[in-house]
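J.: what's the 3D shape of this:
(one chain, ligands or ions: 1)
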Amino acid sequence: MFEVVPVSAFKDNYVWTLRDARHAAVVDPGDAQPVLDYLAREKLKLVAILATHHHPDHVGGVARLLEKSRVPVYGPKNEPIPTLTHPVSEGDTVTIGELGAKFSVLDIPGHTRAHIAYYGAGSLFCGDTLFACGCGRVFEGTPQQMYASLEKLRALPDSTKVYCGHEYTLANIGFAKGVEPGNSALEAREARDRTLREAGKPTLPSTMGEEKATNPFLRCREPAVVESVNKYLGSRVSDPVGVFAAIREWKNRS
Ligand SMILES: [Zn+2]
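T.: Here you go, the predicted model:
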């Protein structure tokens, strides 16, 4: 068994650290120093590194961590990450024996061309694809791909804990309220998450059930969301991919 602890990096990244009393594995170590500090303070031995996609704020610390410990590095096949030792894609399983952890790999392209997620033990590590009350920008894929990736994640059980790569929640909720002003679940979420941030705590993990109730990018079929998007566009769109693309563009400009 393992617990999951956030190690903060840069301004708003989280390096999710899976640990027991002696071992640790890290997800998306964009910076090595905060991870090395945490491992030293807690007297933990690094046993694996997992990467969701190739952006430097997610893999920039890998090389330096490898100088200290030669451990397996899992990450997306078909993305330029020279430090990978175990390239994986959907259908593969990642087993971290020391922690009793086993994850299925899911392909969730869109933010980058071969972005992956790790799903297991009721937890999802989804990098920059699904955010709390938001989603990543579509840099290398198409809106169609990103929408399909989010739908794949949306199909996971409501109880799934969502561990994403950044603390963007309050800003995302602010945007979501503009898209869906009548959604009372957003008000409740904002009140709770504001209290957490004021106490210096992460708003993560969230749950998939909560994302389904509040995240506009997972609500592209909701009549209120569709209506709001049509108002924004000044034209009629009703297919979910079109609605998704419009919300994404709206968010980019906001
Ligand atoms: Zn990214």
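J.: can we go C-alpha only for contacts and neighbour counts from here?
T.: OK.
J.: partners of the helix or strand hosting Val5 in the sheet?
T.: Secondary-structure assignment from DSSP states H and E places Val5 in strand 3-9. Here strand 3-9 is paired, per DSSP bridges, with strand 13-19 (antiparallel).
J.: contact partners of the partner strand?
T.: When contacts are defined by Cα atoms under 8 Å, 6 or more residues apart in numbering, strand 13-19 is touched by residues 2-9, 24-30, 35, 57, 99, 163-167.
J.: distance between that strand and the chain's centre?
T.: Computed by Cα atoms, centre = their mean, to the nearest Å, the chain-centroid distance of strand 13-19 equals 12 Å.
J.: which helix or strand lies directly C-terminal to that strand?
T.: With elements assigned by DSSP H and E, the helix or strand that comes after strand 13-19 is strand 23-27.
J.: direction included, what does that following strand pair against?
T.: Strand 23-27 is paired, per DSSP bridges, with strand 13-19 (antiparallel), strand 45-50 (parallel).
J.: and those strands as a markdown table, adding distance to Gly182, mean pLDDT and mean neighbour count?
T.: Formatted as a markdown table, these follow (distance: least, Cα to Cα, whole Å; pLDDT from 0 to 100; neighbours: other Cα atoms under 10 Å):
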| stretch | distance to Gly182 | mean pLDDT | mean neighbour count |
| --- | --- | --- | --- |
| strand 13-19 | 31 | 98 | 24 |
| strand 45-50 | 39 | 98 | 22 |
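J.: any chance of those strands in TSV, plus distance to Leu106?
T.: Formatted as TSV, the strands paired with strand 23-27 follow (distance: least, Cα to Cα, whole Å):
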stretch	distance to Leu106
strand 13-19	18
strand 45-50	13
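J.: do I have it right that Gln144 meets Val241?
T.: Yes: between Gln144 and Val241 there is a contact at 5.9 Å, judged by Cα atoms under 8 Å.
J.: and Pro109, which of the three is it?
T.: Classification of Pro109 using DSSP: H, G, I helix; E, B strand; the rest coil returns coil.
J.: would you mind confirming that it makes contact with Ser149?
T.: Yes: with contact defined as Cα under 8 Å, Pro109 reaches Ser149; the gap is 6.4 Å.
J.: and the strands in this structure, which stretches?
T.: All strands of the chain, identified by DSSP state E, fall at 3-9, 13-19, 23-27, 45-50, 73-76, 86-88, 93-96, 101-107, 116-120, 123-125, 130-131, 134-135, 161-163, 206-207.
J.: most neighbours per residue, which of those strands?
T.: strand 130-131 (a mean of 28; mean count of other Cα atoms under 10 Å).
J.: that one pairs with which strands, parallel or anti?
T.: Assessed with DSSP bridges, strand 130-131 is paired to strand 134-135 (antiparallel).
J.: what's in contact with the partner strand?
T.: Residues contacting strand 134-135 (Cα under 8 Å, 6+ apart): 128-129, 169, 172-173, 176, 215-217.
J.: and the two most separated of the residues you listed?
T.: Farthest pair in the contacts of strand 134-135 (Cα to Cα) is Asp128 and Ala176. Separation: 17.6 Å.
J.: of these two, which one has the most company?
T.: Counting neighbours by other Cα atoms under 10 Å for Asp128 and for Ala176 shows that Asp128 has the greater number, 25 against 22.
J.: just to revisit the earlier point, list just the one of the strands of the chain that sits closest to Lys231.
T.: Of the strands of the chain, nearest to Lys231 by Cα to Cα is strand 134-135, at 20.1 Å.
J.: OK, contacts around the most centrally placed residue in the chain?
T.: Compute the mean C-alpha point of the chain, and by Cα atoms, centre = their mean the closest residue is Cys164, 2.6 Å away. Counting by Cα under 8 Å, 6+ apart, Cys164 touches 14, 125-132, 204-205.
J.: so can I have TSV of those showing distance to Asp193?
T.: Converted to TSV, those look like this (distance: Cα to Cα, whole Å):
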residue	distance to Asp193
Tyr14	16
Phe125	20
Cys126	20
Gly127	20
Asp128	20
Thr129	20
Leu130	17
Phe131	14
Ala132	10
Leu204	9
Pro205	11
